[in-house]
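1. build me a structure from this.
(chains A, B, C and D)
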Protein chains: 2
Amino acid sequence: MFSTPWRLFILLRLHNRKAYFQMTSIKDVASMAGVSTATVSRTLAEPDKVSEKTRKKVLAAVGKSGYVANTLARNFRRKRTNTIVVLVPDITNSFFSNIIQGIDAVAHANGYRILLGDIRQNAERGIEYGDFVAQKQADGIISLGRNIPFPYRKGRKTLDPKWPPFVTACEYDGIIPVPTVCIDNEQAAIDAVQYLAGLGHRNIAFINGPADSPLCHDRLSGYRKAMKTIGVTSTRGLVYSGDFSLESGTCAMTTILDARADRPSAVFTASDAMAIGALQVIKTRGLSVPGDISLMGFDDINFSAYCDPPLTTVHQPRNHIGEIAMQRMLDLLEQRAVSSEREVLPHHLVLRASTAAPG
Amino acid sequence: MFSTPWRLFILLRLHNRKAYFQMTSIKDVASMAGVSTATVSRTLAEPDKVSEKTRKKVLAAVGKSGYVANTLARNFRRKRTNTIVVLVPDITNSFFSNIIQGIDAVAHANGYRILLGDIRQNAERGIEYGDFVAQKQADGIISLGRNIPFPYRKGRKTLDPKWPPFVTACEYDGIIPVPTVCIDNEQAAIDAVQYLAGLGHRNIAFINGPADSPLCHDRLSGYRKAMKTIGVTSTRGLVYSGDFSLESGTCAMTTILDARADRPSAVFTASDAMAIGALQVIKTRGLSVPGDISLMGFDDINFSAYCDPPLTTVHQPRNHIGEIAMQRMLDLLEQRAVSSEREVLPHHLVLRASTAAPG
DNA sequence: CTGTTAGCGCTTTCAC
DNA sequence: GTGAAAGCGCTAACAG
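-> Take a look at the predicted model:
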């Protein structure tokens, strides 16, 4: 198999039929069309800088020969790849797939492709991809996590102007100002807690994500503010943390139920997955949702509408986040001015059946 | 921002500190170390072909200058990219993320990176990525769907030797023999149905995936065989089809429940997502699982253990499938012989609470 | 083991 | 508007 080195062949589109033929280079086309390689190159890249007559000649030769530019050579020459790296904290977390899809849609529409970097709690891998871009194998990086894939001095407060195009979505570093697109996580948490409070809950527990995540910091702050609003100034014993996963939700909820203290009447979680994990424990213990405990998630992933009861949650415009993030990346790539302020997209509550007034 | 063109800078690792500096080329290192560029290149690519003394000199110069090879130039020269394209039918389908993770793990361990191609029911996009590889922007393609991203004559029965390295996982074309790694879908369906039959079910409906998918063809065939085994020779009115999604499961189950015919006592679905969709309808109609209807899924996605009741399902070794697929890709890339027979990985049933003897 | 040399295929001045 | 020519930075013969 593959006895003939495949590299010698390229794709030929001809009259709607296709076949692989031996590599044709720009030289072949040039001599075929009776012009110089420069003219062929121009015809393909900047057609209007070439007379109609020559253009026709060249295009005819291109069609006939099935010439397809060697992009590796072009990239090398142009020092760009039309590829951008997307750093994903955990590709297995379905929250990210829609964001990736949004990025991919815009990327694709603009001639870019995305190279996936699955970080998996391994900051070192982020750095690897940073190097990758530094080596010009990609034109920029969009990070969906909070790690900065470039080396920087601690304490640095400004964006290093020498960094390659870099955009952050959902999460952000919290220290260095980087163009970021996300929702207002603090306000979202406030909205969620106030909704629960509006139902009459006061004993509201919060299962947050990793404590060191800026995003979770914001949600926690929102939770606290809202609790204060309803007169609860101390949230001691009410805040737990997981890692956004189903398992960690189960785990945190178990802790909550095992605690001697009075059972919360509502639990707000920082991800739908954790809510679903929590839901299972609650039901296993013979308690009902929302009868005994109201449950509120975050993200509005597909499955949240399909649990029993369907989950009340905070909707994040995931595809849109991805799209806008890629848009900012394009701005950067095309030297347009980009604010490194956070760009905030709207969230909203999705009211389903997992929440109700306390029993 | 980015007033200094970032392309002029590269990453320097130096005494654990890092900073971007102006580009250093192999020439600089060569003159710094007092050797030729060829020697620098060799030192970096094949260190043992260089004397220890020179190696040290060169590495010192590399360290001092912060030289990082321009991979674009290298790729161009070597005509390879160390990148492989992964074609995903729908990245939003959480079934695929673990497979991608498996691919990524092996790819990464071998110095490869993966470029994600989200097909989204759009065969044309597959072809685009095929061209992409033909243009040498990637070294090979792993497809998780059934589309062949290369042009081929209908009726062709052999693998075109001129195609770039190509591997298929989970699904397969069904016509052209391509190295494929998957489970034995027919046997898996047989196992599932026989398990249900063993519980006493005979009226077993099947919600399959898209009818034109070879994988679904296999599952259907397994379902039919197993049904025959228990004496059910006609499965008319028992087979439905969706597209693997939650919604399509809901939809198919609604159809089943609305049908006049006697209600099936068990429903087997070709994906967990469809089972979860079906589960919701069943419960909404006031029926119980497994009390009134036993439900069995396929895939063993994370969420299946967290529904209520937890879903009995067929486990697919998803990470492993991805790993092996990438392994085959490596074989191809390194000219090792690879069988284009299907490579079958073991599946197994995961018994949870959604199935029981008929009421 | 190391240096010389000759490009890879393309883009891009710079003349004409 | 077009062609000649000079590389981009690296690797791979080929000598020595």
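2. quick one: the helices in chain A?
-> Assigned by DSSP state H, chain A shows helices spanning A:26-33, A:37-45, A:52-65, A:71-78, A:94-109, A:123-134, A:185-199, A:214-229, A:246-258, A:272-284, A:318-333.
3. okay, the angle between the fifth one and helix B:94-109?
-> Okay, so that is helix A:94-109. Following axes from the mean of the first three to the mean of the last three Cα atoms, to 10 degrees, one obtains 70 degrees for the angle between helix A:94-109 and helix B:94-109.
4. again with the third one
-> Following the same axes, to 10 degrees, one obtains 90 degrees for the angle between helix A:52-65 and helix B:94-109.
5. could you give the angle of helix A:52-65 to helix A:26-33?
-> With the same axes, to 10 degrees defining the directions, helix A:52-65 sits at 120 degrees from helix A:26-33.
6. check the fifth one too.
-> In terms of direction (the same axes, to 10 degrees), helix A:94-109 departs from helix A:26-33 by 30 degrees.
7. flag every buried residue along helix A:94-109.
-> Buried residues in helix A:94-109, counting neighbours by 16 or more other Cβ atoms under 10 Å in any protein chain shown, are found at A:94-108. Using the backbone N, CA and C atoms, a C-beta is placed for each residue, glycine as well.
8. please apply the same query to the third one.
-> Neighbour-count burial for helix A:52-65 flags A:54, A:55, A:57, A:58, A:59, A:61, A:62, A:65 (criterion: 16+ other Cβ under 10 Å).
9. also the second one?
-> The neighbour-count criterion (16+ other Cβ under 10 Å) identifies A:39, A:40, A:41, A:42, A:43, A:44 as the buried residues of helix A:37-45.
10. near DNA strand D too, which of those residues?
-> Contacts with DNA strand D within those, counted by Cβ under 7 Å from any atom of the strand: A:39, A:42.
11. closest one of the buried residues of helix A:37-45 to residue B:189?
-> Proximity of the buried residues of helix A:37-45 to residue B:189 (Cβ to Cβ) peaks at residue A:44, which lies at 51.0 Å.
12. my guess is the closest one contacts residue A:68. True?
-> No. Here residue A:44 lies out of contact with residue A:68, judged by Cβ atoms under 8 Å, at a distance of 10.3 Å.
13. so residue A:205 sits right up against residue A:266, yeah?
-> Yes. When contacts are counted by Cβ under 8 Å, residue A:205 is listed as touching residue A:266 (7.3 Å).
14. for the closest residue to residue A:187 other than its chain neighbours, list the residues it contacts.
-> Leaving aside its chain neighbours, residue A:187 sits nearest to residue A:222 (6.3 Å; criterion: Cβ to Cβ, 6 or more residues apart in numbering or on different chains). Counting by Cβ atoms under 8 Å, 6 or more residues apart in numbering or on different chains, residue A:222 makes contact with A:185, A:186, A:187, A:188, A:189, A:190, A:192, A:193.
15. thinking again about what came up before, which one of the buried residues of helix A:37-45 is nearest to residue A:352?
-> Comparing the buried residues of helix A:37-45 against residue A:352 with Cβ to Cβ places residue A:44 closest, at 53.9 Å.
16. roughly how far apart are the closest one and residue B:134?
-> Applying Cβ to Cβ, to the nearest Å, the value for residue A:44 to residue B:134 is 17 Å.
17. with residue A:96 instead?
-> Residue A:96 sits at a distance of 30 Å from residue B:134 (criterion: Cβ to Cβ).
18. just the buried positions in stretch A:338-348, please.
-> Residues of stretch A:338-348 classed as buried under the neighbour-count rule (16+ other Cβ under 10 Å) are A:338, A:340, A:342, A:343, A:345, A:347.
19. now could you export just the CA positions of that stretch as PDB?
-> Below are the C-alpha coordinates for stretch A:338-348, written out as PDB (Å, rounded to 0.1, in the frame of the first residue of the first chain):
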ATOM      1  CA  VAL A 338      -8.800  45.500  19.500                       C
ATOM      2  CA  SER A 339      -9.700  46.500  23.000                       C
ATOM      3  CA  SER A 340      -8.300  44.300  25.600                       C
ATOM      4  CA  GLU A 341     -11.300  45.000  27.700                       C
ATOM      5  CA  ARG A 342     -13.600  42.100  28.300                       C
ATOM      6  CA  GLU A 343     -16.300  41.900  25.800                       C
ATOM      7  CA  VAL A 344     -19.400  40.900  27.600                       C
ATOM      8  CA  LEU A 345     -22.100  38.800  25.900                       C
ATOM      9  CA  PRO A 346     -25.600  38.500  27.300                       C
ATOM     10  CA  HIS A 347     -26.700  35.600  29.500                       C
ATOM     11  CA  HIS A 348     -30.200  34.700  30.600                       C
END
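20. list of residues touching it?
-> Contacting residues not belonging to stretch A:338-348 are listed as A:159, A:172, A:177-184, A:187-188, A:191, A:314-317, A:320-321, A:324, A:328, A:331-332, B:1 [Cβ under 8 Å, 6+ apart].
21. and it, average pLDDT?
-> Mean per-residue pLDDT for stretch A:338-348: 89.
22. likewise stretch A:183-201?
-> Confidence over stretch A:183-201 (mean pLDDT, whole number) is 98.
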